[in-house]
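Participant: A predicted structure for the sequence below; I have some questions about it.
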Amino acid sequence: MVAQARRALSIAGETVEPAGAAQARRATTEPPLVRWALIAAGVVFILLVLVLPLISVFMEALRGGAATFLHAVGDGDTWQAVRLTLLVAGIAVPLNVVFGLAAAWAIAKFDFRGKSLLITLIDLPFSVSPVISGLIYVLLYGANGWFGPALKELDIKIIFNVTGLVLATIFVTFPFVARELIPLMQEQGRDEEEAAISLGASGWRTFWHVTLPNVAWGLLYGVLLCNARAMGEFGAVSVVSGHIRGLTNTMPLHVEILYNEYDFVGAFAVASLLAGLAIVTLVAKSLLEWRYGDRLAAGRKH
Amino acid sequence: MTTRAYSLGGGFKRPSVLPGFGLTLGFAVAYLSIIVLLPLSALVLRPATLGLSGFLDVLFDSRVLAALRLSFGAAFIAALVNAFFGLIVAWILVRYDFPLKRVVDALVDLPFALPTAVAGIALATIYAPNGWVGRLFDPLGIQIAFTPLGVLVALIFIGLPFVVRSLQPVLQDLDKEVEEAAVSLGANRRQTFRLVILPAIMPALLTGFALALARAVGEYGSVIFIAGNMPMVSEIAPLLIVIKLEQFDYAGAAAIGVIMLALSFLILLVINLVQRWSRRHEEH
């Protein structure tokens, strides 16, 4: 290790002088002034960039007083949007949970060819722009899409309909659960499952009583992130929705409509509900990390 | 690293006593194909209907070029800003103690949790000429919202957690002994940071930079409210896709999508190569 440091220093051609022990202790951290300057810079940046927008959402929502806020929240279109958002997330998240469990089981418990390719493909949706995530479904199921004419014949509507919203939401939240579970289950190995099977337990029983309890917290963590994104997704659902009030208007889309109609209090009132969801998500996520941090982190490192 | 060293022999799968391989892999691959692979193949194949000249017409349209330049340029600057401040934030979270540190740590993930449309209208309001921050810049003649600067602000918001979360585990695992060794050899703190710490965290910093950049290039929701969306000036590439779709120009929209993806992958490839180079440089 000393050699490594010496090499790094000598490569750079720096003059090195021997130092005393006290100096060494001092020298592995920064002087207090620098330390506090860095803390101030970091915290002020966080406040300006992250906290200020969050506070402004609630301030703007309550600008007209509590009564105006409640009126905006209680609006019929708003409730339609809330219901639709819950419905879409309620379909997309469980489907991605089933997929995540299946993919993680196959990848973590077996050795097969093409495994790393499969893992790469699972992460693919994260590198795709939200707008493109919506666009690809329009290209398939839209009026001019590959399956458009066939769907029209069958009188099935996917784009500008709830199905399209669900598909786009599944796409953008696709990797969340799987990428949380795969490293966690790989880390835990196969010994426990192999023991349960050789003792005569069925596959399902092994899964329910051995595997699932072991990954429950990682699963919950993945679901939390998946759900936050599913309820908050804007770009992808915006492309497939057609903005039909009462039918394809999720909460984030409703925020946009109200905002563009200059109903700022209404827009921020709905936005504050979503911001509340974000805060709940962050708190729950932090609690999980503090309590099960070692296990979650251990899994993620691999 | 529990990945076992194994050889598959001639078979597709190594024998195992555990059940459910066919079921789970079959379901996972089928689901992946329907949700991800089939739709993405439509994206790649659709522009082919334009023919090469049609495709090039889309690419070299001045409005498209301006939008691509803005999207990639602003994303690049935002990722640089985030790399700088993200390093400071990660550093203070790992190395120092200060009040409410856990709250600050949790807040870093806010851009992941806050819906982009909410962030968008909030930023547009704050940075508008009469907003909390915009008001401070207005007398100086600097307008942030509804200009390319507004795009930059939104992209900085969206990219910060990528840098911080990439750096934190690496800073945590950094061996203090190497720093002590450097000091005992007479390096001052600045030399230690520049010559010992920075090279060690460089790959993670580049990863964070790349992730922030990739996210910012495609970002839509948080940008469109603050951007003002003036063609040729503050119109981002994803918005152009939406506009083309609204005109039912599917092939044109797909063409822009393919160009964006290709450019993103090219940039990620370059960053990957730089990363590999810096790692090898570090090792020898």
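Facilitator: Thanks, I have it.
Participant: For A:L220, give me its contacts.
Facilitator: Neighbouring residues of A:L220 by CB atoms under 8 Å, 6 or more residues apart in numbering or on different chains: A:L288. C-beta: built from backbone N, CA, C; applies to glycine.
Participant: From chain B, how far off is it?
Facilitator: 15 Å (CB to the nearest CB, to the nearest Å).
Participant: which parts of the one helix or strand that residue maps to are buried?
Facilitator: Using DSSP states H and E, A:L220 sits in helix A:212-232. For helix A:212-232, burial by neighbour count (16 or more other CB atoms under 10 Å in any protein chain shown) applies to A:214-215, A:217-219, A:221-232.
Participant: Likewise for stretch B:173-187?
Facilitator: For stretch B:173-187, a neighbour-count test (16+ other CB under 10 Å) marks B:174, B:178-187 as buried.
Participant: how about A:R245, phi and psi?
Facilitator: For A:R245, the backbone dihedrals (degrees, to the nearest 10) come out as phi -60, psi 140.
Participant: Could you figure out how far the helix of greatest length in chain A is turned away from helix A:212-232?
Facilitator: Ranked by residue count under DSSP state H, the longest helix found in chain A is helix A:264-300. Orientation of helix A:264-300 against helix A:212-232 (axes from the mean of the first three to the mean of the last three CA atoms, to 10 degrees) gives an angle of 150 degrees.
Participant: Helix A:264-300 close to chain B?
Facilitator: Yes. With CB under 8 Å from any CB of the partner chain as the criterion, chain B is reached by helix A:264-300 at A:264, A:267-268, A:271, A:274-275, A:277-279, A:281-283, A:285-286, A:290, A:297, A:300.
Participant: who touches the closest residue to A:L95 other than its chain neighbours in this structure?
Facilitator: Leaving aside its sequence neighbours, A:L95 sits nearest to A:I170 (CB to CB, 6 or more residues apart in numbering or on different chains; 6.0 Å). A:I170 makes contact with A:92, A:95-96, B:35, according to CB under 8 Å, 6+ apart.
Participant: Residue ranges in chain A under the pLDDT threshold?
Facilitator: A:1-27, A:294-302 (pLDDT under 70).
Participant: what about the closest residue in space to A:F110 that isn't next to it in sequence, how many residues close to it?
Facilitator: Spatially, and ignoring its direct neighbours in sequence, A:F110 is nearest to B:F21 (5.0 Å; CB to CB, 6+ apart). Residues within reach of B:F21, counting by other CB atoms under 10 Å in any protein chain shown, total 15.
Participant: go on, A:E60?
Facilitator: 21.
Participant: Pretty sure it sits against B:A124.
Facilitator: No. A:E60 sits out of contact with B:A124 when judged by CB atoms under 8 Å, with a separation of 10.7 Å.
Participant: Just the element for A:E187, please.
Facilitator: Counting by DSSP H and E, A:E187 is found in helix A:174-188.
Participant: next helix or strand past the helix or strand hosting B:V153?
Facilitator: Secondary structure assigned from DSSP H and E places B:V153 in helix B:148-173. Scanning forward in sequence from helix B:148-173 by DSSP H and E, the next helix or strand is helix B:176-184.
Participant: pLDDT on the helix or strand following that following helix, on average?
Facilitator: Counting by DSSP H and E, the next helix or strand C-terminal to helix B:176-184 is helix B:189-192. Averaging pLDDT along helix B:189-192 yields 86.
Participant: packing partners for helix B:189-192?
Facilitator: In terms of contacts (3 or more CB pairs under 8 Å, 6 or more residues apart in numbering or on different chains; DSSP states H and E), helix B:189-192 is packed against helix B:176-184.
Participant: how much distance is there from the helix it packs on to the middle of the chain?
Facilitator: Centroid separation for helix B:176-184 versus its chain: 33 Å, with CA atoms, centre = their mean, to the nearest Å.
Participant: and the helix holding A:E187, what does it pack onto?
Facilitator: Against helix A:174-188 (3+ CB pairs under 8 Å, 6+ apart) you get helix A:76-109, helix A:115-123, helix A:212-232, helix A:264-300.
Participant: JSON lines please, covering those helices and showing distance to B:A30.
Facilitator: Shown next, in JSON lines, are the helices and strands packed on helix A:174-188 (distance: least, CB to CB, whole Å):
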{"stretch": "helix A:76-109", "distance to B:A30": "10"}
{"stretch": "helix A:115-123", "distance to B:A30": "12"}
{"stretch": "helix A:212-232", "distance to B:A30": "20"}
{"stretch": "helix A:264-300", "distance to B:A30": "26"}
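Participant: about what we covered before: okay, buried residues for the helix holding B:V153 please.
Facilitator: Buried positions in helix B:148-173, judged by neighbour count with 16+ other CB under 10 Å: B:148-168, B:170-171.
Participant: just these that are near chain A?
Facilitator: B:156-157, B:160.
Participant: By proximity to chain B, which residue of the stretch 51-200 of chain A wins?
Facilitator: Nearest residue of the stretch 51-200 of chain A to chain B, counting by CB to the nearest CB: A:S129, 2.5 Å away.
Participant: these two touch, right, that residue and B:I259?
Facilitator: No. The criterion here is CB under 8 Å, and A:S129 misses it with B:I259 at 11.5 Å.
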